[in-house]
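Trainee: quick one: sequence and predicted model below, then my questions.
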Amino acid sequence: MSGATLARYRWRVIPGFGITLGTTLLWLSLIVLIPLAALFLKTTELSLVRFVSIITSPRVVHALELSFGLSLAAAAVNLVFGFLVVWALVRYQFPGRRLLDAMVDIPFALPTAVAGIALTNLYSENGWLGQLLAPLGIQVAFTPLGIFVALVFVGLPFVVRTVQPVLEDLEAELEEVAATLGASRLTTIRRVIFPAILPALLTGFALAFARAVGEYGSVIFIAGNLPNVSEIAPLLIVIRLEEFRYADATAIAAVMLVASFLILLAINLLQRWSGRRGGGLS
Amino acid sequence: MTDIELHWDDAFAANRKSTPDHVRGRLSPENAVLPGFPSQPQASRTASMSVRKATRARDVRADPAPMRWAIIGIAVTFLVLFIVVPLLNVFAQALARGFGAYFAAIVQPDAIAAIELTLLAAAISVGLNLVFGVIAAWTITKYEFWGKSVLITVIDLPFSVSPVIAGLVFVLLFGAQGYLGPWLQEHDIKVIFALPGIVLATVFVTFPFVARELIPLMREQGTRDEEAALTLGASGLRTFFRVTLPNVKWALLYGVLLCNARAMGEFGAVSVVSGHVRGETNTMPLHIEVLYNEYQFTAAFAVASLLALLALVTLIAKVVLEGRATNAANSE
């Protein structure tokens, strides 16, 4: 049966299409679409000159640079270490493997405020890790380095959980064939395994990046929050809001929202690519 | 895949109710992904065969020992440093001054008020997202329609929106300066700096969780079970409650638990809309922030440890529920 016929067939058989789609769209509009549209509507009330002057003010530029720059760095670290973690979890047996596997989701389930105070305490001068780093002259808490640590923490599950199922499902035959044809282990990894998991790696990277850019709770405790030094963009939105400077808050939020749309678009394209790839392999 | 579909027809023809349990376990396709079916001892023979096959395969795919130990070392160090140590630190700090101080911090009136508000807000938000998450997952997986991928993207949208922006949009809508602010004030309805605002922000942030847990599983299961039920004369609702829901119950349960953990722990969005009134609009995460900023570290970590426990329980539930899924899959 062709896809189109099958689709029409299903559509007719299972009742409730109108009401469920209608409910979904209504709820989605009320909770997500209309509120986000309100943000853009509010932004259009600003003149272009005003908008540009807000966005290009040094404090805002610095906050945006800090948020996006550190998020990119944290996502990159998660990409590398996440890949190693997935490799260890999927391919090797070692004591505590299952426990560690389960723990990967902690940053996802642990409230950001809890993570924030825990990391701050850990890396402060008297903390477990802070007192080890202090003699080396490394200060993590209340510096941009602290923000980076928090962003690595929140982004950790994304690369692991995106790549893990793909590596698990990778057919053993592919590697066996490569080995049979005389490829070295490294060549097999580089030319056979890596291309197969690349879309998943990049998707995980983009997800970790998206999450880190907007992260607030776990960062503000450890950041120190000095304007032009360690002040992230989401915090600046909150500060402007508390000063009742709604225009400023809205403008910064609009820029960040457009950025998240772009990341989301990239993730979708990656997944489409990965879908094609998966299809080509099997 | 086609293989499994053929089996399914056999299983269906044989009438699933009268089929012996172990046969059903192996034949029905949904078992590959569906948690909840009891594990089948009869399957151990086939399992041992696949183990032997796997060992043979691993020989070719084995990495050199130094590489293996280096990767394990790096991976374990990374996870311990970034996840295990911070988590342990929460409990260590909470109990730093003994159990007396710990319990005193938790039973403090402001803490109790925060816990109550958190439970109330989470119950409402999770309830709403449960209903709409199931409806959304049903719409997406049971019908074909134009623009479906756009719909999925929009459902995922709250994932990549900063929680601060999630709070901000509701302030722009319902705040005193917002579009609906004057009207709300006229009618004496408080949304921002009150429970409705907290619930709205929480619902926004946790919007995708239930649907996301359900969609992959329901897509894999397809519509055949439902079509069979409908053919046999069941109504749409009855089909949903008797066929679809039992098929996805474990995934749904985990989706709800995750949604709940995120709802109770939401900080950024709630922080923007709540107004931080102590004992009134402070949820647990906001209460933690207040205590921490007042240098009451032990008390802050005591309340934090409750949320950390919630996160741990959620993860344990995930492992257990996934274990059921794997058991069912292995028994096939």
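Mentor: That came through fine.
Trainee: next, count neighbours for the residue in the stretch 51-200 of chain A positioned nearest to chain B.
Mentor: Taking C-beta to the nearest C-beta, chain B has its nearest neighbour within the stretch 51-200 of chain A at residue A:111, 2.6 Å off. Any C-beta I mention is one placed from the backbone N, CA and C, and that applies to glycine too. By other C-beta atoms under 10 Å in any protein chain shown, the residues close to residue A:111 number 26.
Trainee: what of residue A:112?
Mentor: Under the neighbour criterion other C-beta under 10 Å, residue A:112 is assigned a count of 24.
Trainee: specify the local secondary structure of the residue sitting nearest the centre point of chain B.
Mentor: Geometric centre of chain B, nearest residue: residue B:258, 2.6 Å, by C-alpha atoms, centre = their mean. The local conformation at residue B:258, judged by DSSP: H, G, I helix; E, B strand; the rest coil, is helix.
Trainee: contact partners for it?
Mentor: Applying C-beta atoms under 8 Å, 6 or more residues apart in numbering or on different chains, we find residue B:258 in contact with A:108-109, B:209, B:213, B:314, B:318.
Trainee: what separation do you get for it and residue A:108?
Mentor: As judged by C-beta to C-beta, to the nearest Å, residue B:258 and residue A:108 stand 8 Å apart.
Trainee: pretty sure residue A:156 contacts residue B:84?
Mentor: No - between residue A:156 and residue B:84 there is no contact under C-beta atoms under 8 Å: 11.9 Å.
Trainee: more neighbours: which of those two?
Mentor: Between residue A:156 and residue B:84, residue A:156 has the larger neighbour count (other C-beta under 10 Å), namely 28 against 16.
Trainee: skipping its backbone neighbours, what lies nearest that one in space?
Mentor: Nearest residue to residue A:156 in three dimensions, chain neighbours excluded: residue A:107, at 5.1 Å (C-beta to C-beta, 6 or more residues apart in numbering or on different chains).
Trainee: what sits against that neighbour?
Mentor: A:115, A:153-157, B:83.
Trainee: quick one: the strands in the stretch 101-250 of chain A?
Mentor: In the stretch 101-250 of chain A, no strands are defined using DSSP state E, counting those that start in this stretch.
Trainee: residue ranges of the helices in it, please?
Mentor: In the stretch 101-250 of chain A, the segments counted as helices under DSSP state H, counting those that start in this stretch are A:106-109, A:112-123, A:130-133, A:144-169, A:172-180, A:185-188, A:194-214, A:217-223, A:233-242, A:246-281.
Trainee: repeat that for the stretch 101-250 of chain B.
Mentor: Listed in chain order, the helices found in the stretch 101-250 of chain B under DSSP H, counting those that start in this stretch are B:109-142, B:148-160, B:163-174, B:181-186, B:195-206, B:208-221, B:224-231, B:236-239, B:245-265.
Trainee: how far does the shortest one sit from its chain's centre?
Mentor: Okay, so that is helix B:236-239. 25 Å (C-alpha atoms, centre = their mean, to the nearest Å).
Trainee: now the residue nearest the centre of chain A: closest residue in space, sequence neighbours ignored.
Mentor: Against the mean C-alpha coordinate of chain A, by C-alpha atoms, centre = their mean, the closest residue is residue A:208 at 2.2 Å. Nearest non-adjacent residue to residue A:208, counting by C-beta to C-beta, 6+ apart: residue A:155, 3.2 Å away.
Trainee: one more: residue A:175?
Mentor: Nearest residue to residue A:175, sequence neighbours excluded (C-beta to C-beta, 6+ apart): residue B:61, at 4.9 Å.
Trainee: read off the pLDDT value for the one you found.
Mentor: The score at residue B:61 is 73. That number is its pLDDT.
Trainee: isn't residue A:122 up against residue B:85?
Mentor: Yes - between residue A:122 and residue B:85 there is a contact at 6.6 Å, judged by C-beta under 8 Å.
Trainee: comparing the two, which residue is more hemmed in?
Mentor: More crowded of residue A:122 and residue B:85, by other C-beta under 10 Å: residue A:122, with 23 against 17.
Trainee: for the more buried one, what are its contacts?
Mentor: Counting by C-beta under 8 Å, 6+ apart, residue A:122 has contacts A:128-130, B:85-86, B:89.
Trainee: hang on, the earlier thing: out of the contacts of residue A:107, who has the most neighbours?
Mentor: The most crowded member of those, judged by other C-beta under 10 Å, is residue A:115 (31 neighbours).
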